[in-house]
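[1] sequence first, predicted model second:
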Amino acid sequence: MKKMAFLMILMLAAVPALAQHTPVPGPDGAGCNPMGAGSTPYAPLPTWNLPGAYDDPILTWPPNGSYDFCATLDTLYCSLYELGNLSPSILESVAPFAGLVQCLNADINGPVDPQAQIPVTANGVPDGQYELGVLAKALNDAANPYHAEALAKFQSNFFNIKVLIEQALANVPMKADLRGVVPAIAPHLPGALVYVLAGFATLDDPTTNAALDQLLGLLSDIGITPPPGGIATITDGVAALGPYGDADGDGFTNKTEYDYFVGDQGSSPAQYVAAVFDPAQAPPDIFPSVNITGPARVKIEEGSTLTLNTSVRNVTGTITYQWFKDNAPLAGQTGSSLVIPNVTQADAGSYTVQIDVPDTKSIYISNPVIVQVFAQLPVAGGLGLALVAGACALAGIAGMRRK
């Protein structure tokens, strides 16, 4: 019951960020503005005809400079308590979890544990003002090197996810078409939900996309299912803006910069976002970190050998290693490298490594790497290679048409 209540909150809420908004303080909706009919959200949201045809265009986008994920998060947080005023039972269901989608607290795009009471975990970078604040900076600043690409991909993602959510609202099992009902009761929730999902997808982070797929799958009972092949098949993003990207090319991931500038130096959200885009602001060479080398997503054929290696920077003392898959420790995998011979579909998932330094009582956790396992492709001489090349070309054309 508690898990379903949390999933309903994710259905009605999600995550977004901009420096001008002051996060709503206080528990239990304290400090919230009304969020019912005729109210104004904390930041502008895209609008479209709802209900309407699934492919209806977006009518308005937020004005230049007004993309604000933190404000949207608080719009959703306050909307939950607005809904709670309708019924004590609704308030009882949402109150224990509403704080998870408050700007001050939100960090809900880490690895997913479907067996847990709350199935999403944190990735260590708060969503509202920090992780999605990086995206907001790119969207709002025309001089930002990622601005045009981020804006185009966010808006494309928004439209494609809007279609997915509309189809779900129109086909909730055992319910009538809810596309006209939801906006009447909670006018800001549909736009905010799509806004948030589009923001996460634009980060192009494999762990975040995997989390979105898991969450959409868990919401299948209320009409939402992930698209075939996952959310990544209908969205596109800018990996440099994600937590394990390196937006300024200084050799440190955006998460490592968060760990240093915010965790170690106490920088404000605005100072952190500025540092992410400024190669002159970088953690000192002595700042410790651990990472899995190579790409963030590994595609490997069944029967091959998977090898993942660690890179440890500026950690002194005795080091012990523990590898994890899908947030669970792998028995016996305590070396600096992970080697899995003869991989199968069961080996697909999200891998991280944790190092423990007893001398300094410190623990460091690496970036995640998503491993995808595919069946072997028979390739027979030149003809086989030509068929594979042709399939790849057709897939590329289909991908461009889908965009």
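    It's in.
[2] make it CA atoms for all contacts and neighbour counts henceforth
    Will do.
[3] could you find the closest non-adjacent residue to N105?
    G99 (6.5 Å; Cα to Cα, 6 or more residues apart in numbering).
[4] got a list of what that neighbour touches?
    Contacts for G99 (Cα atoms under 8 Å, 6 or more residues apart in numbering) come out as 27, 77, 105-106.
[5] most neighbours among these, which one is it?
    Most neighbours among the contacts of G99, by other Cα atoms under 10 Å: Y77, with 28 neighbours.
[6] show me the shaky parts of the stretch 251-400 of the chain.
    Across the stretch 251-400 of the chain, the ranges flagged by pLDDT under 70 are 286, 295, 375-400.
[7] all strands of it, in order?
    With strands called from DSSP state E, counting those that start in this stretch, the stretch 251-400 of the chain shows them at 289-292, 297-301, 306-313, 320-325, 328-329, 337-340, 349-357, 362-365, 369-374.
[8] hang on, the earlier thing: now tabulate the contacts of G99 in CSV and tack on distance to T334.
    As requested, these are exported to CSV (distance: Cα to Cα, whole Å):
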residue, distance to T334
P27, 42
Y77, 41
N105, 33
A106, 32
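[9] by pLDDT, give me the weakest of those residues.
    pLDDT across these is lowest for P27, at 75.
[10] assign the residue nearest to N105 to helix, strand or coil.
    Using DSSP: H, G, I helix; E, B strand; the rest coil, the structure places G99 in helix.
[11] how close does it get to T207?
    Shown here: G99 relative to T207, a distance of 23 Å by Cα to Cα, to the nearest Å.
[12] do the same with V196
    16 Å.
[13] again, but for P27
    In this view, P27 and T207 are 29 Å apart by Cα to Cα.
[14] quick one: contacts of the longest helix along the chain?
    Looking across the chain with DSSP state H, the single longest helix is helix 147-170. If you take Cα under 8 Å, 6+ apart as the criterion, helix 147-170 is touched by 54-55, 57-58, 135, 138-142, 176-179, 194-195, 197-199, 201-202, 222-225, 234-238, 403.
[15] just the buried ones from the residues you listed?
    54, 135, 138-140, 177-179, 194-195, 197-199, 201-202, 222-225, 234-238 (16 or more other Cα atoms under 10 Å).
[16] give me the more crowded residue out of V196 and T207.
    Between V196 and T207, counted using other Cα under 10 Å, the more crowded position is T207 (26 against 21).
[17] quick one on the thing from earlier: can I get the strands of the stretch 251-400 of the chain in a markdown table with distance to Q271 and mean neighbour count?
    Written out in a markdown table, the entries for those read as follows (distance: least, Cα to Cα, whole Å; neighbours: other Cα atoms under 10 Å):
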| stretch | distance to Q271 | mean neighbour count |
| --- | --- | --- |
| strand 289-292 | 21 | 21 |
| strand 297-301 | 30 | 16 |
| strand 306-313 | 24 | 16 |
| strand 320-325 | 33 | 19 |
| strand 328-329 | 34 | 14 |
| strand 337-340 | 36 | 16 |
| strand 349-357 | 28 | 22 |
| strand 362-365 | 24 | 16 |
| strand 369-374 | 28 | 20 |
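[18] reformat these as TSV; add distance to A270.
    Shown next, in TSV, are the strands of the stretch 251-400 of the chain (distance: least, Cα to Cα, whole Å):
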stretch	distance to A270
strand 289-292	23
strand 297-301	30
strand 306-313	27
strand 320-325	33
strand 328-329	34
strand 337-340	37
strand 349-357	29
strand 362-365	25
strand 369-374	28
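[19] out of those strands, which comes closest to G36?
    Closest approach to G36 among those (Cα to Cα): strand 349-357, 39.9 Å.
[20] ok, the closest one: who's next to it in the sheet?
    Here strand 349-357 has these sheet partners by DSSP bridges: strand 320-325 (antiparallel), strand 362-365 (antiparallel), strand 369-374 (antiparallel).
[21] tell me which of those lies nearest to T47.
    Nearest of these (Cα to Cα): strand 369-374, 34.4 Å.
[22] alpha carbons of that closest one, in CSV - could you do that?
    Output in CSV follows, covering the C-alpha atoms of strand 369-374 (Å, rounded to 0.1, in the frame of the first residue of the first chain):
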residue,chain,number,x,y,z
VAL,A,369,27.8,1.7,-15.8
ILE,A,370,24.8,0.1,-17.6
VAL,A,371,25.6,-3.3,-19.2
GLN,A,372,23.3,-4.5,-22.0
VAL,A,373,23.6,-8.1,-23.2
PHE,A,374,22.6,-9.1,-26.7
